[in-house]
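*Asks:* Sharing a sequence plus its predicted fold:
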Amino acid sequence: MINQIERYLEEVKTFTTKDLKEVEAFRIKFLSKKGILNQLFAEFKNVPNNEKRIYGQKINLLKQAATEKVKQLKEKLENAVEENASELDLTRPGYPVEIGSRHPISIVKNQIIDIFKHIGFNVSEGPEIEDDWHNFTALNLPEYHPARDMQDTFFLQKNPDWLLRTHTSSVQTRYMEAHKPPIRTISPGRVYRNEDISARSHCIFHQVEGLYIDKGVSFADLKQTLLYFTKEMFGKSKIRLRPSYFPFTEPSAEVDIYWGLKTETDYRITKGTGWLEIMGAGMVDPNVLKNMEIDPGVYTGFAFGMGIERIAMLLYQIPDIRMFYENDMRFLSQFKPVV
Ligand code: DAH
């Protein structure tokens, strides 16, 4: 009896086939109602008592092996059918590729870069952790200069000579150290100020700095460049230059663009005036040129610095600056490129 079961076990172990029908025949032979296993179970009562234990173990083993074999072969053969080339539909359209979206700050930044590239500006970058010299002193803002208070600064605790740059003007000084005039460069980047966060201001934001230094550069060049930029960027060039003060430029101006008051967001962003200040600008102060070992008797230049968020808020009608940094997919997915 036991020997017979051993033979069945051997048969189950070695059985293999590539035909699903044969698997079914195998299943019927061993596992169906009238199959070998049920017969063996029925025999159990006739087995002498001293063999019952070993007999029981063997048939359970046989049942497990047969069940497992049927399962394995079925899985194998059914998958093979799916992989079969004749089942492959090459005309089926592919799964759509999910296209991500650019952040509105990046979109506007790239637009600004493109506009200035057209008139010969290159792109330069500098570090966000900056030293006092490049962020302040070299820009005609010596220690204890009251104008340092214009920008609330995050200092690095361990060494107050290091800080998070408060403006991208720091890249101007780095660029002038490394390059001789003529210089035409724009520097986009992230800047930091220790300011309360509200719908209109944030402690992190983005700027694009511009610097143009050559022989005979005048304020008229600055104005024409700004007119060109606003026309390209906004499709309109109604701007005004308000006299202002920056330590690194003389004379200095703040530049407003007339945007209009068509929507509620326009009212909010422009504080109900239709005008929005988009940048600071001016003729590079001779002291800055001297600090950079450029002879102000030979060279002159202009500089400007604009906030990217402000411009993006106008263009995309975004009422709250905090939305840029919240990474809310519902907000971000609206800026998908049009394909
Ligand atoms: N750095 C100034 C700021 O963050 C902006 C600025 C004003 C930049 C005048 C300039 C400039 O290059 O000439 O407020």
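*Replies:* The structure has been received and is ready for your questions.
*Asks:* Strictly from the record, what residue spans define the domains of the chain?
*Replies:* 2-86, 104-332 (automatic domain parsing).
*Asks:* Let me know the average pLDDT across the first one.
*Replies:* Per-residue confidence for domain 2-86 averages out to 88 on the pLDDT scale.
*Asks:* Mean pLDDT lowest where, among the domains of the chain?
*Replies:* For the domains of the chain, where the average pLDDT is lowest is domain 2-86, sitting at a mean of 88.
*Asks:* So what's the residue count around residue 286?
*Replies:* By the measure other CB atoms under 10 Å, the count of residues near residue 286 is 16. For glycine as for every other residue, the C-beta is placed from the backbone atoms N, C-alpha and C.
*Asks:* tell me the contacts of it?
*Replies:* Residues near residue 286 by CB atoms under 8 Å, 6 or more residues apart in numbering: 250, 296.
*Asks:* where's it relative to residue 105, distance?
*Replies:* 34 Å (CB to CB, to the nearest Å).
*Asks:* what's the answer for residue 319, then?
*Replies:* Residue 319 is 16 Å from residue 105, by CB to CB.
*Asks:* Ok, residue 226 next?
*Replies:* Here the criterion is CB to CB. By it, residue 226 lies 21 Å from residue 105.
*Asks:* Give me the more crowded residue out of those two.
*Replies:* residue 226 (23 against 19).
*Asks:* Mind jotting down where the helices sit in the stretch 151-300 of the chain?
*Replies:* 169-178, 219-234, 264-269, 286-291 (DSSP state H, counting those that start in this stretch).
*Asks:* buried ones in the first one?
*Replies:* To tie it back to what came earlier, the one meant is helix 169-178. 169, 170, 171, 172, 173, 174, 175, 176 (16 or more other CB atoms under 10 Å).
*Asks:* what would these look like in a markdown table with distance to residue 10?
*Replies:* A markdown table is the format used below for the buried residues of helix 169-178 (distance: CB to CB, whole Å):
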| residue | distance to residue 10 |
| --- | --- |
| 169 | 86 |
| 170 | 83 |
| 171 | 81 |
| 172 | 86 |
| 173 | 87 |
| 174 | 82 |
| 175 | 84 |
| 176 | 88 |
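*Asks:* Just the closest of the residues you listed to the ligand, please.
*Replies:* For the buried residues of helix 169-178, the residue nearest the ligand by CB to the nearest ligand atom is residue 169; the value is 4.2 Å.
*Asks:* mind listing what that closest one touches?
*Replies:* 135, 139, 209, 248, 303, 305.
*Asks:* go on, residue 40?
*Replies:* With contact taken as CB under 8 Å, 6+ apart, residue 40 is in contact with 5, 59, 62.
*Asks:* swap the cut-off to 10 Å and go again
*Replies:* 1, 4, 5, 8, 30, 47, 55, 58, 59, 62, 63 (CB atoms under 10 Å, 6 or more residues apart in numbering).
*Asks:* nearest to the ligand, of those residues?
*Replies:* Nearest to the ligand among the contacts of residue 40, with distances taken as CB to the nearest ligand atom, is residue 63, at 81.2 Å.
*Asks:* Is it correct that that closest one is in contact with residue 70?
*Replies:* No - between residue 63 and residue 70 there is no contact under CB atoms under 10 Å: 11.0 Å.
*Asks:* tell me the strands in the stretch 51-200 of the chain, going along the chain?
*Replies:* 122-123, 129-131, 162-164, 183-192 (DSSP state E, counting those that start in this stretch).
*Asks:* Could you do the stretch 201-339 of the chain as well?
*Replies:* Using DSSP E, counting those that start in this stretch, strands in the stretch 201-339 of the chain cover 204-214, 239-246, 249-258, 275-284, 300-307.
*Asks:* any chance of these in a markdown table, plus mean neighbour count?
*Replies:* Putting the strands of the stretch 201-339 of the chain into a markdown table (neighbours: other CB atoms under 10 Å) gives the following:
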| stretch | mean neighbour count |
| --- | --- |
| strand 204-214 | 22 |
| strand 239-246 | 15 |
| strand 249-258 | 20 |
| strand 275-284 | 22 |
| strand 300-307 | 23 |
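*Asks:* closest one to residue 39 among the ones you listed?
*Replies:* Residue 39 lies closest, by CB to CB, to one member of the strands of the stretch 201-339 of the chain: strand 204-214, at 79.7 Å.
*Asks:* Any residue of that closest one touching the ligand?
*Replies:* Yes - using CB under 6 Å from any ligand atom, strand 204-214 reaches the ligand at residue 209.
*Asks:* Tell me the helices and strands packed up against that strand.
*Replies:* helix 104-117, helix 169-178, strand 183-192, helix 219-234, strand 275-284, strand 300-307, helix 308-316 (3 or more CB pairs under 10 Å, 6 or more residues apart in numbering; DSSP states H and E).
*Asks:* May I have that strand as PDB, with CA atoms only?
*Replies:* As requested, the backbone C-alpha atoms of strand 204-214 are provided in PDB (Å, rounded to 0.1, in the frame of the first residue of the first chain):
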ATOM      1  CA  ILE A 204      11.700  83.800   0.000                       C
ATOM      2  CA  PHE A 205      11.200  85.100  -3.500                       C
ATOM      3  CA  HIS A 206      12.900  85.400  -6.900                       C
ATOM      4  CA  GLN A 207      14.600  88.200  -8.700                       C
ATOM      5  CA  VAL A 208      16.300  88.800 -12.000                       C
ATOM      6  CA  GLU A 209      19.200  91.200 -12.000                       C
ATOM      7  CA  GLY A 210      20.500  92.900 -15.000                       C
ATOM      8  CA  LEU A 211      23.900  94.600 -15.600                       C
ATOM      9  CA  TYR A 212      25.200  96.400 -18.600                       C
ATOM     10  CA  ILE A 213      28.700  98.000 -18.500                       C
ATOM     11  CA  ASP A 214      30.500  99.500 -21.500                       C
END
